[in-house]
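1. test case, fold it:
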Amino acid sequence: MRALISTYDKTGLDVFATGLAELGFSLVASGGTASYLEEELGLPVDRVEELTDSPEMLGGRVKTLHPRIHAGILARRDSADDVATLAEHGIEPFDLVCVNLYPFEQVAGRRGVTEAEAVEMIDVGGPSMLRGAAKNFAHCIPVCRPERYGFVLDELREHGEISLATRRELAAEAFATTASYEAAIAGWFSDREPFPETLVLALDKVLDLSYGENPHQRAAYYAERGSRSHLLSRVGQLHGKALSFNNLNDLSAARLVAREFTVPACVIVKHANPCGVALGATIEEAYEKALASDPVSAYGGIVVLNRDVDAALGETLSEQFIEVLFAPGYDDDALIALRLRQGTRILVDSERRRATAQQRGLKRVLGGVLVQDADAEIEDREGWNPVCGAPDEKQWGDLLFAWRVCKHVSSNAIVLAKDLATIGIGAGQTSRVDAVRIALEKAAEFGHDLTGAALASDAFFPFSDGPELALARGVRAIVQPGGSKRDDDVIAAAMRANATMVFTGRRHFRH
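-> Numbering: from 1, shown residues only. Presented below is the predicted three-dimensional model:
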C-alpha cells in the first residue's frame, strides 16, 4: 500500500504518518513534507521527484503535476485497461492521498499583504491531487483534515481497510474543502465588485444545534469563511445549556444593536426584536432602564451588555430569567450568583477589536438569495433636517438614540424613547399606525410618562394619523425619513402640537 502526503499544516502529521508506516504503507512526499518525514520523524520516504524523474520547477510551483502522480491517484483497480496502463508505464497506484492546502485566506487577509504574496498562496497541485483522490474514492482514500487522522488510523487498524461509506464521507469533505478554498480565492479576486456575476459563498460549520426554530427542524450554525469575526468568534460559554438556533438568532440581533453605542448600554431582545434598550452613566443603570422598558417581554430574553458585570449587577441579573447573558467580563462573585440560574447561558466576549461592518446582507428566498449592502453604518445627525421646531440637546439625544434602535426593529417599526431608554416599541406590523398604537400601549402598560418623549419611525408616515396619536399622548419630538406625498400634512400635525420633527432622508426597513 502507498500513501501520497503533501501538507502545508503539519499538525498531527507525526502521529498519522508514523501510524501509516506501522500499518505497512510506503510513504511518498514532496518538498518540505518529505524533509519533515525524513528529518523530523526518521521515516523512509520516496520523494516525488524520484518517481517522476523530474525536478521541482518554477520555484516549487510544479512538483506533483505529473502523469506518474495523477495516474497513480486516478487508476481504477477494477478496470483492466487502467491496470494494464499502469503496468505498461511502470506506475504504482496510490491507496491514500493526504493533502492540506496553502493558507491562502490567512495570508490574503493580512494587513499590508501584496497581490504577489497572496497569489503565491494559491495552491494548484494540492487541490488537483485531492480532487483526483476524491473522484477515485472507491480505490484511493482522500484525507484533507488533521481532525480525521485518528479516525482513519483507527478504522484501518480495526478492519484493515476503509469502508465504502467512510470513503464517500471523506470524498465529500475533500470536495467541500477544494470548493470552499476556491470560493475564497474567487471572492478575493472579485472583491472590488460588490455584486459579481457569480457569488460564491464558503461556510464552515461551527456548531451542531439540537434543532432549529422548531423541534422538527434540523439545524447547525455556520460561519462565513474569511470573515474576521463572526457571532461566536472569541466567545466563551461559562455556564448553561448548549446554545439553540433561536438563542443564536436573538443573540445576533442584540449584538447588532449594542454595536450602535460606545457608552454603557444594555440591549434586551426577544424573538429577534429589541424589547428594551437603554444607555446609562453605568452599566447597572443601563440594565435597570432597559428592563423597565418592557419587563414582561424581557422574561426569557437575551441580554447583551457592553461593560463587565460586577457582583452587585450579577445579583440583580440573577433575579431575572435570562436565556442568554452576554458581556465582556464577569467578577467571580457575579458568576457565583448567576450560576444559580441553571437555565441561563452565560457567554463572555473576549473580542477587543472594533467590529467591522458587514459587507453584504443576504436573505434566502424561494430558490435563491437576495443580496444587498448591509445596513450597518452607525449614523449621527449630520445631514438631518429639522422641518418643524428646533430640537434642544436632550431631544437630539433621544431622537438619535431612538433612530439607532429603530433600525434594528422589524418593519413597520416605531420606537418611543425618553432619557436614552426605550419606553415603547411597535414591531413588525402591516400598518404603521398599528405599530404606533402598540408602542403607545406598551408605554402605558408599564407606566411610562410620555410627556416630552421622542418617536422614531423606520420609514415615512403616509398619513398624519400615526403622529397625531403619539402627539396626543405627549410625544414632542419625531424623527422619520420623510418623503411622503403627504409630508405637509404630517408636519402640520406636529406644528399644531408645538412639537419638533426631523427628517433623516434615509429609511431603515428590516423585513
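2. I'd say residue 255 and residue 304 touch.
-> Yes. With contact defined as C-beta atoms under 8 Å, residue 255 reaches residue 304; the gap is 5.8 Å. Heads up, the C-betas are built off the backbone N, CA and C, glycines and all.
3. can you pull the residues that touch both of those two?
-> Residues touching both residue 255 and residue 304 (C-beta atoms under 8 Å, 6 or more residues apart in numbering): 267, 326.
4. which of the two has more neighbours?
-> Ranked by neighbour count (other C-beta atoms under 10 Å), residue 255 and residue 304 place residue 304 first, with 27 against 19.
5. tell me what the helix or strand containing residue 118 is packed against?
-> Residue 118 belongs to helix 115-120 when assigned by DSSP states H and E. If contacts are counted by 3 or more C-beta pairs under 8 Å, 6 or more residues apart in numbering; DSSP states H and E, helix 115-120 sits against helix 104-108.
6. mean confidence for the helix it packs on?
-> For helix 104-108, the mean per-residue pLDDT is 79.
7. repeat that for stretch 462-482.
-> 97.
8. now do the buried residues in the longest helix belonging to the chain.
-> The longest helix of the chain (DSSP state H) is helix 164-189. Going by neighbour count (16 or more other C-beta atoms under 10 Å), the buried part of helix 164-189 is 166-167, 170-171, 173-178, 180-185, 187-188.
9. which residue is nearest the middle of this protein?
-> Centre of the chain computed as the mean C-alpha position; nearest residue by C-alpha atoms, centre = their mean is residue 230, 3.6 Å away.
10. can you tell me which residues contact the residue nearest to that residue when sequence neighbours are not counted?
-> Closest residue to residue 230 apart from its sequence neighbours, by C-beta to C-beta, 6 or more residues apart in numbering: residue 223 at 4.0 Å. Contact analysis of residue 223 by C-beta under 8 Å, 6+ apart lists 203-204, 206, 230-233.
11. and those residues, which of them are in strands?
-> 203-204, 206 (DSSP state E).
12. of all those, which comes closest to residue 72?
-> Residue 72 has its nearest neighbour among the ones in strands among the contacts of residue 223 in residue 204, at 30.7 Å by C-beta to C-beta.
13. that closest one reaches residue 225, doesn't it?
-> Yes. Under the criterion of C-beta under 8 Å, residue 204 makes contact with residue 225 at 5.5 Å.
14. in which helix or strand would I find the residue nearest to residue 230?
-> strand 219-224.
15. ok, back up a step: ok, residue 204 and residue 225, which is more surrounded?
-> Taking other C-beta under 10 Å, residue 204 and residue 225 do not tie; residue 225 has more neighbours (16 against 13).
16. wait, what's in contact with the more buried one?
-> Here residue 225 is in contact with 105, 180, 183-184, 202-204 (C-beta under 8 Å, 6+ apart).
17. residue 222: how many residues sit nearby?
-> Residue 222 is flanked by 13 other residues according to other C-beta under 10 Å.
18. hey, what's it bridged with?
-> Residues in a beta bridge with residue 222, per DSSP bridges, are residue 205.
19. gap between it and residue 256?
-> With the distance defined as C-beta to C-beta, to the nearest Å, residue 222 ends up 18 Å from residue 256.
20. look at residue 30 and report its pLDDT.
-> So residue 30 comes in at 84 (pLDDT).
21. is it true that it touches residue 50?
-> No. Counting by C-beta under 8 Å, residue 30 sits too far from residue 50 to count as a contact (10.0 Å).
22. who has more neighbours out of these two?
-> Neighbours per residue, other C-beta under 10 Å: of residue 30 and residue 50, the larger number sits with residue 30, 22 against 11.
23. once you drop chain neighbours, what's closest to that one?
-> residue 48 (3.8 Å).
24. touching, that neighbour and residue 34? I think so.
-> Yes. In terms of C-beta under 8 Å, residue 48 counts as a neighbour of residue 34; the distance is 7.4 Å.
25. looking at the two, which is more packed in?
-> Each of residue 48 and residue 34 has its neighbours counted (other C-beta under 10 Å); residue 48 has more, 24 against 21.
26. before we move on, the earlier item: next one: the residue nearest to residue 230 from residue 207, what distance?
-> Separation of residue 223 from residue 207 (C-beta to C-beta): 9 Å.
27. which neighbours do the two share?
-> With C-beta under 8 Å, 6+ apart as the test, residue 223 and residue 207 both reach residue 232.
28. re the thing from before, out of the contacts of residue 223, which comes closest to residue 425?
-> Closest approach to residue 425 among those (C-beta to C-beta): residue 231, at 23.1 Å.
29. so what's that closest one up against?
-> The contact partners of residue 231, by C-beta under 8 Å, 6+ apart, come to 221, 223, 248, 251-252, 255.
30. do the same with residue 461
-> Residues in contact with residue 461 (C-beta under 8 Å, 6+ apart) are 432, 467, 480, 484, 486, 490.
31. ok, now residue 362?
-> 369-371.
32. can you flag which of those belong to strands?
-> Using DSSP E, the contacts of residue 362 in strands are 369-371.
33. where does this structure have low pLDDT?
-> Where the chain drops to pLDDT under 70, the residues are 52-65, 226, 353-358.
34. now do the residue located most distally from the centre of the chain against residue 82, distance only.
-> The outermost residue of the chain relative to its centre, with distances by C-alpha atoms, centre = their mean, is residue 88 at 52.6 Å. Separation of residue 88 from residue 82 (C-beta to C-beta): 11 Å.
35. which parts of the stretch 351-500 of the chain are helices?
-> With helices called from DSSP state H, counting those that start in this stretch, the stretch 351-500 of the chain shows them at 393-406, 432-445, 465-472, 487-496.
36. just want the angle from the last one to helix 465-472.
-> Translated: helix 487-496. When axes from the mean of the first three to the mean of the last three C-alpha atoms, to 10 degrees is applied, the directions of helix 487-496 and helix 465-472 differ by 10 degrees.
37. which parts of helix 487-496 are buried?
-> Using 16+ other C-beta under 10 Å as the test for burial, helix 487-496 gives 487, 489-491, 493-494.
38. same question, the shortest one
-> Within helix 465-472, the residues that qualify as buried are 465-471, counting by 16+ other C-beta under 10 Å.
39. and which of these is nearest residue 344?
-> Distance to residue 344, by C-beta to C-beta, is smallest for residue 470 among the buried residues of helix 465-472, at 35.9 Å.
40. contacting residues around residue 501?
-> 386-389, 467, 477-480, 490-491, 494.
41. so what's residue 14 up against?
-> Residue 14 makes contact with 40-41, according to C-beta under 8 Å, 6+ apart.
42. so where does residue 313 fall, helix or strand?
-> Per DSSP H and E, residue 313 falls inside helix 311-318.
43. can you name the residues in contact with that helix?
-> For helix 311-318, using C-beta under 8 Å, 6+ apart, the contacting residues are 283-284, 287-288, 303, 309, 325, 330-331, 333-338, 340-341.
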